[in-house]
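>>> quick one: sequence plus predicted model below, questions after.
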Amino acid sequence: MTVFQPRLAALPAEAPAPRGLPIGDMRGHGLVTADAALAALALDRAGGLLRASHPERALLSLQMDGDVQWVSAYVPGTNVLETVGHADGAELRVADFMAVAEGRPGQAEALAAGRFVRIVTCTEGEASFRLVCAARLADAGKCDARTDDGWYLACSRPLGTGADVVATHVRLAAGESVAFVMADEPVQGGPGLSAEALHALGDTIHYWTWWSDRCRYKGEDFDARLREALTLKLTLGPDGLVIDEPGAAGFVPAPLGDATRAAATFLALGYRHECATLLGQVYENGLDVRDHDRWSFDEQFVQTLDAYVLRYGTTALPGELRRAAERDPVALCNAQKA
């Protein structure tokens with residue numbers, strides 16, 4: 001089946017981070033390196049990172065013969081990452097994202113699908129490559145499989161399975177695509193997966209562009225500030241900001257100072273919901289520092305909360321923080337001085 005993917009016009013990227021550029025859906029998180037390898041993936045932060053079958057392998061890699069020149073960039077206003085590779089007259093465009101859709105029209109909530117999606121499209125010439133997933137399989141069909149660790153993968157082309165890797169050999173002509181999905185629930189592989197992946201790409205781009213359009217910042221460095229906000233949004237889960245690079249204990253809440261700075265960033269850019277969520281996280285976790293019914297937070301928290309209340313009032317603040325602000329907003333905003 002030939003599926004034509006829209007040509008994604010990506011902005012020039014900064015130098016990729018050493019461990020990769022982030023993607024996510026606010027529930028899961030991943031890192032993609034400059035050569036289109038998936039270095040890390042958590043479909044759900046609560047379950048931790050997926051384990052590769054070998055510690056020295058990337059979880060998913062794209063192996064192409066020849067000297068490949070890679071360039072990475074985000075699709076403007078989104079957290080969809082596009083990596084473009086050139087080799088021997090062929091051009092490949094790799095779109096990586098974690099599928100997300102708008103939860104309710106006009107609302108900040110997003111529906112995470114629990115899926116990492118990769119769409120590889122040949123846009124010039126002809127290209128041959130392998131998609132190699134470092135996973136041990138419990139069982140496998142022609143185009144989909146379940147791993148020993150209980151997560152699932154699927155491809156729009158037949159899978160090639162080995163002892164500890166899944167290697168899919170692909171040859172594409174200009175205009176043809178292949179889709180690869182990793183998910184926390186079973187996914188049906190086969191030709192229909194390409195159309196399903198493209199639909200998910202459209203929904204994901206729609207959500208992120210809608211979210212970016214809410215930015216109220218007007219400075220000359222708008223693109224850089226919006227990218228900062230988009231990256232922060234990936235680390236903002238239901239319970240607040242989390243560390244996006246897990247250690248031995250997995251994903252953990254970010255330090256309160258980091259959460260406060262993120263709240264100030266969101267407020268400066270006009271993201272009311274995100275700012276209120278983080279202020280509530282800092283307030284709730286800071287209440288254990290008490291002295292005669294008073295609490296102390298750093299100056300930036302006080303200033304950010306004060307600015308939020310002056311701009312929006314207290315209605316949208318999380319429960320405990322709202323009640324505290326309504327009881328004695330002056331004392332609350334001056335708590336740092338007490």
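Done, it's in.
>>> would you mark the buried spots in stretch 313-323?
By neighbour count on 16 or more other CB atoms under 10 Å, the buried set for stretch 313-323 is T314, L317, P318, L321, R322. Any C-beta I mention is one placed from the backbone N, CA and C, and that applies to glycine too.
>>> got JSON lines for the residues you listed, with secondary structure and pLDDT too?
Compiled in JSON lines, the buried residues of stretch 313-323 are given as follows (DSSP: H, G, I helix; E, B strand; the rest coil; pLDDT from 0 to 100):
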{"residue": "T314", "secondary structure": "coil", "pLDDT": "90"}
{"residue": "L317", "secondary structure": "coil", "pLDDT": "92"}
{"residue": "P318", "secondary structure": "coil", "pLDDT": "89"}
{"residue": "L321", "secondary structure": "helix", "pLDDT": "89"}
{"residue": "R322", "secondary structure": "helix", "pLDDT": "89"}
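>>> and those residues, which two are furthest apart?
Across the buried residues of stretch 313-323, the longest distance by CB to CB is 10.3 Å; it joins T314 and P318.
>>> distance of the nearest residue to T209 once chain neighbours are set aside from W208?
Once flanking residues are discounted, T209 sits nearest to G77: 4.8 Å by CB to CB, 6 or more residues apart in numbering. In this view, G77 and W208 are 6 Å apart by CB to CB, to the nearest Å.
>>> which neighbours do these two share?
Residues touching both G77 and W208 (CB atoms under 8 Å, 6 or more residues apart in numbering): L230.
>>> higher neighbour count, these two?
Relative neighbour count places W208 above the other of G77 and W208, with 23 against 19, counting by other CB atoms under 10 Å.
>>> and the contacts of the strand or helix carrying that one?
Assigned by DSSP states H and E, W208 belongs to helix 192-213. For helix 192-213, contacts defined as CB under 8 Å, 6+ apart pick out 1, 3, 5, 75, 77-80, 95, 97-102, 108, 110, 113, 115, 117, 119, 143, 154-156, 177-179, 181, 187, 226, 230, 233.
>>> can you show me the CA trace of it as CSV?
Output of helix 192-213 as CSV, limited to C-alpha atoms (Å, rounded to 0.1, in the frame of the first residue of the first chain):
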residue,chain,number,x,y,z
GLY,A,192,-3.9,-0.2,7.4
LEU,A,193,-1.5,0.9,10.1
SER,A,194,0.0,3.6,7.8
ALA,A,195,-3.4,5.4,7.4
GLU,A,196,-4.0,5.0,11.2
ALA,A,197,-0.6,6.5,12.0
LEU,A,198,-1.2,9.4,9.6
HIS,A,199,-4.5,10.1,11.3
ALA,A,200,-2.8,10.1,14.7
LEU,A,201,-0.2,12.5,13.3
GLY,A,202,-2.9,14.9,12.2
ASP,A,203,-4.6,14.7,15.6
THR,A,204,-1.3,15.3,17.4
ILE,A,205,-0.3,18.2,15.2
HIS,A,206,-3.8,19.7,15.7
TYR,A,207,-3.5,19.5,19.5
TRP,A,208,-0.1,21.0,19.7
THR,A,209,-0.8,23.8,17.3
TRP,A,210,-4.0,24.6,19.2
TRP,A,211,-2.0,24.6,22.4
SER,A,212,0.7,26.9,20.9
ASP,A,213,-1.9,29.3,19.6
